[in-house]
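Undergrad: Sharing a model that was predicted from the sequence below.
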Amino acid sequence: QEMPLAKVIHERPDVFNHNVETVPRLYPKARRGSDFLRSCRVLRMAKEMGGEEVLTKSGLMVGLGEEFEEMVEAFGVLRDHDVQVLTVGQYLRPTEDHLPVARFWHPDEFAALERAAYEIGFESVAAGPLVRSSYHADESAREALERQAGRAA
């Protein structure tokens, strides 16, 4: 909803984060009741409302059955919605009641995802087996702001 989002953005957060968590194909299984593109629209609206003062960030997990190409496509959709900062980490099953891990990604695959995300135009990317949404958040924000300032110069 636009009004609650406007209230959040009015407070000028340093970073507005909304994790999409997984690729669109897996949303019905992993994020019941949620919609990938609706989450992307929230991120774009936050950027439109906050302008250059507000960084937008999202995060995804791997290990639920997604393919490399699907991840890169999801990155592209996020960039199309003005997301600037991205985290990608390995899904770890918290309890038996949660989805099982389909596979563990190799560190080289995370490095390839990070390269692909930078090529798409993200200003800061953290991808690795132990990366979580808030992973070095202060450093990611600083990196994104420096890249943003470099483009403006």
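TA: Everything's here; your move.

Undergrad: What residues of stretch 65-82 count as buried?
TA: Neighbour-count burial for stretch 65-82 flags G65, E66, E70, M71, V72, A74, F75, V77, L78, R79, H81 (criterion: 16 or more other CB atoms under 10 Å). Glycine gets a C-beta too; all of them are placed from N, C-alpha and C.

Undergrad: ok, of those, which one's closest to K47?
TA: Ranked by distance to K47 (CB to CB), the buried residues of stretch 65-82 are led by H81 at 7.8 Å.

Undergrad: pretty sure that closest one contacts R41?
TA: Yes. Applying CB atoms under 8 Å, one finds H81 in contact with R41, separated by 6.9 Å.

Undergrad: Tabulate the buried residues of stretch 65-82 (JSON lines), appending pLDDT.
TA: Formatted as JSON lines, those follow (pLDDT from 0 to 100):
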{"residue": "G65", "pLDDT": "97"}
{"residue": "E66", "pLDDT": "98"}
{"residue": "E70", "pLDDT": "98"}
{"residue": "M71", "pLDDT": "98"}
{"residue": "V72", "pLDDT": "98"}
{"residue": "A74", "pLDDT": "98"}
{"residue": "F75", "pLDDT": "98"}
{"residue": "V77", "pLDDT": "98"}
{"residue": "L78", "pLDDT": "98"}
{"residue": "R79", "pLDDT": "98"}
{"residue": "H81", "pLDDT": "98"}
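
Undergrad: which residue ranges form the strands in this structure?
TA: 15-17, 55-62, 85-90, 124-128 (DSSP state E).

Undergrad: any low-confidence regions in the chain?
TA: 1, 135-137, 140-142, 144-145, 152-153 (pLDDT under 70).

Undergrad: The residue sitting nearest the centre point of the chain and D97: what is the separation?
TA: In the chain, the residue lying closest to the centroid (CA atoms, centre = their mean) is S58, at 2.3 Å. According to CB to CB, to the nearest Å, S58 stands 25 Å off from D97.

Undergrad: Good, we can wrap up now.
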